[in-house]
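Trainee: The following comprises the amino acid sequence and a computationally predicted model.
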Amino acid sequence: MCLTDMARPVRIFAPAGPVPSPPAGQSWEGLMDMALAEALRAEAEGEVPVGAVVAAPDGRILAACHNQPVGLHDPTAHAEILAMRTAGAALGNYRLNGCVLVVTLEPCPMCAAALLHARLAGVVYGAADPLAGAVTSCAEYLGWPGQGPWHMGGVQAEACAALLQKFFSLRRGV
Ligand SMILES: [Zn+2]
């Protein structure tokens, strides 16, 4: 698995222009720190180390989840899916209007499609995924004109990618 392209610099895709403001009282780096803490929990459980948080516009953290497909015997239990489910339950709403999701790895096609259904305001990710990323790397699921959330990649990309690179290099035994 080649992960050398994961640690790209910050790239802002939509809206064009300055970095969007984070939820009240939060910073993008601080939210990514929370997602990274979740990724470490995944690593400790032997799961691919990916973590995600959902923040409401008022800064409340509605969900902080990590990858658990192995432990939950559930191929859909990616960090983003679990975070959206948790946030939806917290709000009592299947739509996460105005919320942002921050995740350590560029979402895959399954998660990107679910992100569209959730009607999030924005999606922020850390490392790019050159093999399966469905935001910009391999597909542009969030780029539907007038429908998709704004999205931004590269926040703490090196730290996010380093966790994944360590995980996969240990698995390869190199
Ligand atoms: Zn996914």
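Mentor: Received, thanks.
Trainee: So stretch 91-102, near the ion or not?
Mentor: No - legend: contact between stretch 91-102 and the ion by C-beta under 5 Å from the ion is lacking; minimum distance shown is 11.4 Å. Quick note: C-beta positions are derived from backbone N, CA and C, even for glycine.
Trainee: Now do the end-to-end distance for that stretch.
Mentor: Stretch 91-102 has an end-to-end distance of 17 Å (criterion: C-alpha to C-alpha, to the nearest Å).
Trainee: Now do the same for stretch 111-127: mean pLDDT, whole number.
Mentor: When pLDDT is averaged over stretch 111-127, the result is 95.
Trainee: Tell me if I'm right that Ala63 and Val53 touch.
Mentor: Yes - assessed by C-beta atoms under 8 Å, Ala63 is found in contact with Val53 at 6.3 Å.
Trainee: out of those two, which sits in the more crowded spot?
Mentor: Neighbours were counted for Ala63 and for Val53 using other C-beta atoms under 10 Å; Val53 has more, 29 against 25.
Trainee: so the more buried one bridges to which residues?
Mentor: Counting by DSSP bridges, Val53 is bridged to Ala64, Val102.
Trainee: Kind regards, and thank you for your time.
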